[in-house]
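1. okay, here's the prediction I keep looking at, along with the sequence it came from:
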Amino acid sequence: MEKDKTDMAQQTIHVALGTRSYDIRIRRGLVNDLGVELTRLRRTGKVGVITDRHLAGHYLKPVMRVLKAAGFTVTPIILPPGEQTKTLRSIAKVMDALVDARFERSSTLLALGGGVVGDLTGFAAAIYQRGIPFVQVPTSLVAQVDSSVGGKTGVDHPKGKNLIGAFNQPKAVLIDPATLHTLPPREWVAGLAEVIKYGVIADAPFFEYLEQHMARILTLDDVVVAHIVRRSCEIKAEVVSEDEREADRRRILNFGHTIGHALESLGGYKGLIHGEAVAVGMVYEADLARHLGYCGQEVVDRLRRLVEASGLPARMPDVTFQDLWSAMQQDKKVSAGTVYCVVPESIGAVRVVALPQQETRAWFATVRRREPRVRSAVAGRRRVR
Ligand SMILES: NC(=O)c1ccc[n+]([C@@H]2O[C@H](COP(=O)([O-])OP(=O)(O)OC[C@H]3O[C@@H](n4cnc5c(N)ncnc54)[C@H](O)[C@@H]3O)[C@@H](O)[C@H]2O)c1
Ligand SMILES: O=C(O)C(=O)C[C@@H](O)[C@H](O)[C@H](O)COP(=O)(O)O
Ligand SMILES: [Zn+2]
C-alpha cells in the first residue's frame, strides 16, 4: 500500500498492440496538462473536445484554455448526458459538427467524459473521413477502469447494447483520478462493478483486497482509489494485448454482461445504469454457473456479499424468462443461435460456456421461487451514499 502513495505521482501502463500500441497515463491533475500531453503525442491543429453537459460544467472551460494555450484550435461538441445519447443519431450530430468545423484527417478528437462519451467518440473517430486519431480522457470510474482502454467503440441499438461499432484504439488514455471527486455517488458505485469483475475473472488476491478495503473505497480514499484504477487498467491492458478483437481470451471481460446488457436494453437504457446491470448480471451468471455445476455456492455467496457491500444492486428485476432470453439472443457472443456466457469456476478463474435454453429456463424458475419479485427495478433506481 505504501508503494501506492509514492506511485501516485505518475503511473504508465502500456497497451501492447504492435503499430496500434499506446500508453495509459494516470496522474492527479493531468486534466490541467492536456495541451502538453497532446503536443507530446505529436498532435497539432484542430481538436474536437466531445463531452456531455455534466462534464462541460465541471471541466470544459479549463480544458479548452490549456489546449488553446498549447496552440490548438478547439471545437467543443457537447452532448446530453446518459446512455440514451449513445445512438447513431448522436453520431450524425457529431459528424455534422466535424464537417462544419472542417476537420481534417490530421485533426484529433478528445473524449472528455464517461463511457458513453468515450465509446461514441471512438466510433466517430473511426468513421469520420474513414478514420482520424482520438485520445481518451475518462472521467467516470467505469471509464477509468474499463471503457477507455481496449478500443471497443460504438453505440446502442434499441434492441441491443453496443450493436453498432468498431474496434478502434485511441492514441493514448489520459486518466486524472482527481476528476472522480465530482462524480455523482450512484455513478461511483456503478464503476465498482467492473472493478469487482476483474477480481472474479483474473485476480483472486485483488478480489480479496476489495473485500478488505470496501469501506475505504467508499470514502474515495486516494491511495485505495489509485490502486484499484491502476490494477484494473493493468488487467485490462494485459487481456486486450493478448486478444485485441475478442477471438478468445478477451471474452472473459464480458462476465456479467450477458444478463447485464439484456437488463439494460429491456429497461430502454433508462433503468439500471451499465455498472448496476453488470453487478446484477455477475451475481446471477454466477448463480446460473452454480446451477449448471461449474462452481460451488461459496463463489456465489462471496460475490453477492461484495456486490452488496459496495452498494450495488444484487437482485434480479421483474423480468420474464422469455424477455430475458430473447434480449440475451442479441448478445455479440451468440453464435449460430447459441448464447455463450462467461461463468466463474472459482474466484479468479472463469470460462465461456454455451447456455442450454431448457436448463437456463429451469434455473430461472428456481430464482423466481426463491426470491420475491423486485418490482420495476428494471426501470431504474436511485440511491445516495
Ligand atoms: N468500450 C468498453 O470497453 C466499455 C467498457 C465498459 C463500459 N462501456 C460503456 O460505458 C458506458 C457507461 O459508462 P459510464 O458509467 O461512465 O456512463 P456515462 O458516460 O453515462 O457517465 C455517467 C454519468 O456520470 C457523469 N460524469 C462522468 N464523469 C463525471 C465526473 N468526473 N464528474 C461529474 N459527472 C461525471 C456523466 O455526465 C454521466 O451523467 C456504457 O455505455 C457502457 O456500455 C464500454
Ligand atoms: O472490453 C471488453 O472487451 C469488454 O467486454 C468490457 C465490458 O465491460 C464493456 O461493457 C464492453 O463494452 C462490452 O462489450 P460488448 O462487445 O459485449 O458490447
Ligand atoms: Zn462493461
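-> Now that the structure is in, tell me what you want to look at. Ligands and ions are numbered 1, 2, ... in the order given.
2. contacts, neighbours, all on C-alpha from now
-> Will do.
3. wait, Val49 touches Leu110, no?
-> Yes: between Val49 and Leu110 there is a contact under CA atoms under 8 Å: 4.8 Å.
4. after the helix or strand hosting Ala193 comes which helix or strand?
-> Here Ala193 sits within helix 185-202, counting by DSSP states H and E. Next in sequence after helix 185-202, counting helices and strands by DSSP H and E, comes helix 204-217.
5. if you count neighbours, what's buried in that next one?
-> Ala204, Phe206, Phe207, Glu208, Leu210, Glu211, Met214, Ile217 (16 or more other CA atoms under 10 Å).
6. what is the most widely separated pair among these?
-> Ala204 and Ile217 (17.7 Å; CA to CA).
7. follow-up on the earlier one: name the nearest of the buried residues of helix 204-217 relative to ligand 1.
-> Distance to ligand 1, by CA to the nearest ligand atom, is smallest for Ile217 among the buried residues of helix 204-217, at 16.4 Å.
8. that closest one reaches Val225, doesn't it?
-> Yes: the criterion here is CA under 8 Å, and Ile217 meets it with Val225 at 6.5 Å.
9. also within reach of ligand 1: list those from the buried residues of helix 204-217.
-> Checking the buried residues of helix 204-217 against ligand 1 by CA under 6 Å from any ligand atom, not one of them is in range.
10. among the residues you listed, which one lies nearest to Pro344?
-> The closest of these to Pro344 turns out to be Ala204 (CA to CA; 11.6 Å).
11. with adjacent residues omitted, what lies nearest to that closest one?
-> Closest residue to Ala204 apart from its sequence neighbours, by CA to CA, 6 or more residues apart in numbering: Gly348 at 4.4 Å.
12. what pLDDT does the one you found get?
-> If you check Gly348, the pLDDT there is 98.
13. got the contact list for it?
-> Gly348 sits next to Gly199, Val200, Ile201, Ala202, Asp203, Ala204, Phe207 when contact means CA atoms under 8 Å, 6 or more residues apart in numbering.
14. which one is the residue nearest in space to the middle of the chain nearest to, not counting chain neighbours?
-> In the chain, the residue lying closest to the centroid (CA atoms, centre = their mean) is Ser147, at 3.8 Å. Counting by CA to CA, 6+ apart, the nearest residue to Ser147 once its immediate chain neighbours are dropped is Gly115, at 5.5 Å.
15. His257 too?
-> Nearest residue to His257, sequence neighbours excluded (CA to CA, 6+ apart): Val278, at 5.6 Å.
16. assess the claim that Leu79 and Leu55 are in contact.
-> No: if you go by CA under 8 Å, Leu79 and Leu55 don't touch, sitting 9.8 Å apart.
17. tell me how many other residues surround the closest residue to Ile13 other than its chain neighbours.
-> Of all residues not flanking Ile13 in the chain, Ile24 sits nearest, at 5.1 Å (CA to CA, 6+ apart). Ile24: 25 surrounding residues under other CA atoms under 10 Å.
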